[in-house]
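[1] predicted model and sequence follow; I will ask about them next.
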Amino acid sequence: MKRAVTISTVVALCAAAGAGLLAVAPHANPFGRPAVSLAAAAEDGATIYYQDPDGKPFYSREPKKTPDGRAWRAVPANADVSFDEPSEPTVPSKAAEAKTERKIKYYRNPMGLPDTSPVPKKDSMGMDYIPVYEGEDSDDGTVKLSPGKIQRTGAKSEPVVRQAVKSIVRAPGVIQEDERRISVVALRFEGFVESVANVTTGDHVHKGQPLMNVYSPALSSAAAEYLSAINAGATGKELKGARRRLENLGTPEPAIRELERTRDISLSIPWLAPQDGEIIERNAVNGMRAGPGDVLFRIADHRLVWVLVDIAERDLVQVAVGTKVTIRPRALGGQTFTGAVTLIYPHLNAQTRTARIRLEVPNPDELLRPEMYVDAEIEAGTSAPVLAVPESAVLDSGTRQAVLVDKGEGRFEPREVKLGRRGSGYVEVRQGVSEGEAVVTSANFLIDAESNLKAALKGFAEPQGPQPAEAAGTTGVRP
């Protein structure tokens, strides 16, 4: 039984007054054999195919009949409108002439590798090398894309500008007391604490506020000697030496002035707070014996505190002394404090690979308490304007960084750059581009794939040796 060939993709049947019109693209051959020339077929009246007598889209290369015995209709060459070449030669257009005149310069690797071939070939995966015509590739390192390709990829360009590039380094921290604002109350002689004032650990005291009353034979002896010098009318070094002895024992200045005023030696002397602050340690007890150097009180001033922050080793280069920092205590939701970096510690933490920095933060209301956790935001970068491009403009291979410079008229030049600081969606460019040049910021990776920019970047890669002649002629098709 003979087989009927149905052409559904290239034939459109139009019925008009019971007659069918077959329309297919020029050069189409539904029967899988060379098309018959209309001029040659018309001369000898040859039949080129047979069609169903009812006008249905069924065709045959050989005569055949319908199931009811009717013969299929023969279609001569002069009755076919689309299966042959035009009988009259047409004048080729200028565009067609220009297209036929294009010459292939070479074939490039379809995967974008810097590999070319003077003849058609296939890569190891069986993919055909892509031809590169004259005018599509230039010797100046640029790549030219048609306006249609640029529109399809949605490429956008922005000029290189000068602006400040700042970033935020976020790290946790903890509040500590300022070591320089801690003092202790101790005696320089052996004595006794007669009574302690009504102060306890955590109380806030002011400078000059009495903390306790102290009695000491050494202190009374020095006071008597000084009073004798005064009563004897001594002057000069003798009087000064007697007063200096009291001062060397740490006698408070108000107590010395009271002795000079009353000319009376008190049994005990009030011992005063040396500074403002909170009592963080109290060891003094009524009637206790205190030796030289025994810590009786420890006082800390919290109006200025330290914040110790551990930052990652990679962020250390972005931080400098004087950098502004904003801290947000976790216990004081919504409140922020500002300070500055005063010290970068010289050693790293070997276990966490972090560097410690110290901030000084004013704390006039004493809301910040020691050992409180905070989140620090360090303003890294520089306020001076630098050459910067959007981060999306950088093609980073890990070892090299490049940008696509828009040269206009569809030409793009890949250019290697040296980068600096990053922040706020921009990256500093220290070398490679100049101010005012336009760089591609959108769809640059698509342009890379579309235009084989990796081949254009072959100047950055190591030169490869020539391929063997037999390799250039092989197809490389996998079995």
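    Thanks, I have the structure now.

[2] which strand or helix spans residue 296?
    strand 295-300 (DSSP states H and E).

[3] where does this structure dip in pLDDT?
    Along the chain, segments meeting pLDDT under 70 span 1-45, 78-102, 111-114, 135-143, 145-146, 149, 153, 382, 443-479.

[4] where do the helices of the protein begin and end?
    38-44, 94-101, 147-153, 217-231, 237-248, 253-262, 444-451, 453-456, 469-473 (DSSP state H).

[5] and the angle for the longest one with helix 253-262?
    Just to be clear, that refers to helix 217-231. 40 degrees (axes from the mean of the first three to the mean of the last three Cα atoms, to 10 degrees).

[6] show me what helix 217-231 packs onto, helices and strands only.
    Other helices and strands packing on helix 217-231, by 3 or more Cβ pairs under 8 Å, 6 or more residues apart in numbering; DSSP states H and E, are helix 237-248, helix 253-262. Every C-beta, even on glycine, is put in place using the N, C-alpha and C of the backbone.

[7] repeat that for 10 Å
    strand 191-196, helix 237-248, helix 253-262, strand 269-272 (3 or more Cβ pairs under 10 Å, 6 or more residues apart in numbering; DSSP states H and E).

[8] identify the bridge partners of residue 349.
    Using DSSP bridges, the beta-bridge partners of residue 349 come out as residue 354.

[9] if I pick it, what's in contact with it?
    310, 313, 355-356 (Cβ atoms under 10 Å, 6 or more residues apart in numbering).

[10] and for residue 378?
    Contacts of residue 378 (Cβ under 10 Å, 6+ apart): 167-171, 173, 309, 311, 315, 318-319, 323-327, 341, 357, 359.

[11] ok, residue 216 - contacts?
    Contacts of residue 216 (Cβ under 10 Å, 6+ apart): 187-192, 222-223, 249, 251, 268-269, 290.

[12] swap in residue 188?
    216, 218-219, 248-251, 292-293.

[13] quick check: residue 170 touching residue 374?
    No - contact between residue 170 and residue 374 fails when scored by Cβ atoms under 10 Å: they sit 11.3 Å apart.

[14] need the overlap of contacts for those two.
    Contacts common to residue 170 and residue 374, judged by Cβ under 10 Å, 6+ apart, are residue 309.

[15] for those two, indicate the residue with more neighbours.
    Taking other Cβ atoms under 10 Å, residue 170 and residue 374 do not tie; residue 374 has more neighbours (25 against 11).

[16] what bridges to that one?
    Assigned bridge partners for residue 374, using DSSP bridges, are residue 173, residue 329.

[17] show me the residue at the heart of this protein, geometrically.
    Of all residues in the chain, the one closest to the mean position by Cα atoms, centre = their mean is residue 422, 6.4 Å from it.

[18] spatially nearest residue to that residue (excluding sequence neighbours)?
    Nearest residue to residue 422 in three dimensions, chain neighbours excluded: residue 167, at 6.0 Å (Cβ to Cβ, 6 or more residues apart in numbering).

[19] parallel or antiparallel, which strands does the strand holding residue 296 pair with?
    By DSSP bridges, strand 295-300 pairs with strand 182-186 (antiparallel), strand 277-282 (antiparallel).

[20] run a quick neighbour tally on residue 401.
    16.

[21] who is it paired with across the strands?
    residue 396.

[22] with residue 214 instead?
    With DSSP bridges as the rule, residue 214 is bridged to residue 193, residue 269.

[23] surely it touches residue 290?
    Yes - between residue 214 and residue 290 there is a contact at 7.7 Å, judged by Cβ under 10 Å.

[24] list the contacts of residue 191.
    214-220, 249, 268-269, 271, 288-292, 294.

[25] can you do 7 Å?
    Residues near residue 191 by Cβ atoms under 7 Å, 6 or more residues apart in numbering: 214-216, 219, 290.

[26] for residue 390, same thing?
    Shown in contact with residue 390 (Cβ under 7 Å, 6+ apart): 158, 425-426, 441.

[27] among those residues, which one lies nearest to residue 393?
    residue 441 (4.7 Å; Cβ to Cβ).

[28] distance of the closest one from residue 390?
    5 Å (Cβ to Cβ, to the nearest Å).

[29] and for these two, which residues touch both?
    With Cβ under 7 Å, 6+ apart as the test, residue 441 and residue 390 both reach residue 158.

[30] that older thread, show me what the residue nearest to residue 422 is bridged to.
    Counting by DSSP bridges, the residues bridging with residue 167 are residue 380.

[31] cool, and residue 406?
    residue 412.

[32] burial count for it?
    Residue 406 - counted by other Cβ under 10 Å - has 21 other residues nearby.

[33] would you check that it makes contact with residue 159?
    No - counting by Cβ atoms under 7 Å, residue 406 sits too far from residue 159 to count as a contact (9.4 Å).

[34] quick one: common contacting residues for those two?
    residue 438.

[35] surely residue 371 touches residue 177?
    No - assessed by Cβ under 7 Å, residue 371 is found out of contact with residue 177, at 9.4 Å.

[36] could you break this protein into its assigned domains?
    If you go by automatic domain parsing, the domain ranges for the chain are 12-79, 188-292, 304-381.

[37] redo those as TSV? Include distance to residue 410.
    Formatted as TSV, those follow (distance: least, Cβ to Cβ, whole Å):
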stretch	distance to residue 410
domain 12-79	32
domain 188-292	73
domain 304-381	36
